[in-house]
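Enquirer: Make a model of this:
(one chain, ligands or ions: 1)
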Amino acid sequence: MINIKSDFPIFRGQKDLVYLDSTATTLKSQSVINAVSDYYSNYSANVFRGVYKISEKATEEYEKAREKVANFIGAKVEEIIFLRNTTEALNLIYYSWAQNYIKKGDVVLTSIMEHHSNFVPWQQLCKQKGAEFKIFDIDENGKLILHKSLLTNVKLLALTHVSNVLGTINPVKEIIKQVRLANPNCVVVVDGAQAVPHMKINVVDLDCDFYCFSGHKMLGPTGIGVLWGKKILLDGMTPFNYGGEMISRVTVEKTDFKQIPYKFEAGTPHIAGAIALGTAIDYLSKIGMDKVRKHEIEITDYALKELSKVDKLKIYGPTLAVERGGVIAFTIEGIHPHDIAQILDSENICIRSGNQCAMPLHQKLGIAASARASFYIYTTKNDIDKLVLGLKKVIWTFTEK
Ligand code: ALA
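Expert: Below is the predicted model of the structure:
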């Protein structure tokens with residue numbers, strides 16, 4: 001069981017803070033904060049543009065970060081594109097790949113458990129192109145129902161690796177295998193926002209085509225995210241943004257673009273963000289992703305057991321901790337999730353409430369909103385105990401006396 005709260009300065013100022021919203025964004029370790037501060041304090045020059053020492057240092061650190069990301073997910077360095085977040089990565093695929101390749105009559109397959117970021121672009125794409133929008137449903141345990149009939153003519157499969165609501169870990173590798181058997185030319189996009197921070201990922205082993213994730217959900221700063229794509233696809237794609245540093249030559253008549261990844265990184269990037277994401281990866285690697293995952297299973301298992309003892313509380317998603325990430329969405333009969341979150345906040349306990357950016361899933365579950373507690377490496381069993389006590393207060397508040 002990991003207890004590393006002392007590495008996270010937020011707990012120094014707020015000793016009784018119970019932070020259970022790591023699915024929305026994680027806290028930042030002192031080392032990550034130091035990396036941001038170090039860049040701005042000591043070498044805050046632009047990358048690729050200067051021939052002076054601090055610019056060269058910035059470029060070197062930025063590219064080192066790209067290497068760390070590549071190693072972390074088993075990818076080639078040139079296939080790592082720094083963007084703002086998962087949403088931007090998915091939109092890049094939508095604009096630069098899907099707009100050119102999806103045609104009338106093609107099938108685009110996704111699932112009912114997607115975050116809006118991996119649902120709305122494909123829904124809109126299908127409307128624009130006259131393509132068919134198909135959706136994997138879920139069973140009563142929040143697992144995908146993998147109907148073979150859905151696999152016919154699939155040109156694009158867009159799937160989340162781990163649900164940000166149900167916590168379900170989808171058998172992505174197996175699904176990709178099946179989809180490729182039925183459709184050898186299918187392109188597979190995986191939303192890894194809730195997976196990369198929590199478990200060892202190897203994009204080559206998964207055999208997807210694109211994999212997207214955000215730095216801020218894995219201790220890194222906000223505003224830095226990653227698109228990984230297969231070189232053969234990225235090479236054939238048009239740039240997403242035009243501007244500085246993504247061109248090799250411009251004349252009045254024409255423009256030649258740089259090679260990947262640079263043709264997709266127009267303008268000054270989030271230099272400090274990328275470097276500090278590299279530091280976050282160092283931090284996670286030092287713990288070891290197996291240990292990160294083991295801790296998450298332990299905490300989730302404990303939370304599932306303790307929460308199931310709370311009166312009138314319904315948990316959504318798989319029953320076993322090993323089948324889910326560190327996130328538990330729940331409702332309490334007769335109490336609105338926003339009220340739950342607000343009363344918990346009065347106890348300094350942070351959870352998320354609302355539709356969790358997954359309205360189609362909530363419609364499927366027959367609820368307008370849910371409450372959600374989510375965990376990371378700094379979450380302890382003591383935090384879960386405080387959550388359960390807090391929920392008892394919530395129920396007491398709403399009980400007629
Ligand atoms: N995608 C983030 C969440 O699920 C913001 O909370």
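
Enquirer: Using the three-state scheme, assign the closest residue to residue 55 other than its chain neighbours.
Expert: What sits nearest to residue 55 in space, not counting adjacent residues and going by C-beta to C-beta, 6 or more residues apart in numbering, is residue 45, at 3.9 Å. In this view, the C-beta of every residue, glycine as well, is placed from N, C-alpha and C. What DSSP: H, G, I helix; E, B strand; the rest coil gives for residue 45 is coil.

Enquirer: mind checking pLDDT for residue 45?
Expert: Per-residue confidence (pLDDT) for residue 45: 95.

Enquirer: Identify the residues contacting it.
Expert: For residue 45, the contacting residues are 52, 54, 55, 57, 58, by C-beta atoms under 8 Å, 6 or more residues apart in numbering.

Enquirer: Burial check on the first one, number of neighbours?
Expert: Residue 52 is surrounded by 9 other residues when neighbours are defined as other C-beta atoms under 10 Å.

Enquirer: Would you mind writing the CA trace of stretch 106-116 as PDB?
Expert: Written as PDB, here are the backbone C-alpha positions of stretch 106-116 (Å, rounded to 0.1, in the frame of the first residue of the first chain):
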ATOM      1  CA  ASP A 106     -19.000   3.500 -44.000                       C
ATOM      2  CA  VAL A 107     -19.600   2.300 -40.500                       C
ATOM      3  CA  VAL A 108     -18.200   4.200 -37.500                       C
ATOM      4  CA  LEU A 109     -18.300   2.100 -34.300                       C
ATOM      5  CA  THR A 110     -18.100   3.500 -30.700                       C
ATOM      6  CA  SER A 111     -19.700   2.600 -27.400                       C
ATOM      7  CA  ILE A 112     -22.300   4.000 -25.100                       C
ATOM      8  CA  MET A 113     -19.800   4.500 -22.300                       C
ATOM      9  CA  GLU A 114     -17.700   7.100 -24.100                       C
ATOM     10  CA  HIS A 115     -16.700  10.400 -22.800                       C
ATOM     11  CA  HIS A 116     -18.300  13.100 -25.000                       C
END
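
Enquirer: Centre of the chain to that stretch, how far?
Expert: 16 Å (C-alpha atoms, centre = their mean, to the nearest Å).

Enquirer: again with stretch 254-266
Expert: Averaging C-alpha positions (C-alpha atoms, centre = their mean) puts stretch 254-266 26 Å from its chain's average.

Enquirer: Show me what from the stretch 301-401 of the chain comes close to the ligand.
Expert: With C-beta under 6 Å from any ligand atom as the criterion, the stretch 301-401 of the chain meets the ligand at residues 352, 356, 357.

Enquirer: Nearest to residue 193 among the residues you listed?
Expert: Distance ranking of these against residue 193, using C-beta to C-beta, places residue 357 first at 10.5 Å.

Enquirer: sec struct for that closest one, please.
Expert: Bear in mind the rule, three-state DSSP; under it residue 357 is coil.

Enquirer: what sits against it?
Expert: For residue 357, the contacting residues are 115, 116, 117, 164, by C-beta under 8 Å, 6+ apart.

Enquirer: Could you count how many residues lie near the second one?
Expert: The number of residues packed near residue 116 is 16, by other C-beta under 10 Å.

Enquirer: nearest residue to it other than its sequence neighbours?
Expert: Nearest residue to residue 116, sequence neighbours excluded (C-beta to C-beta, 6+ apart): residue 357, at 4.8 Å.

Enquirer: Just want the phi and psi numbers for the one you found.
Expert: phi 60, psi 30 (degrees, to the nearest 10).
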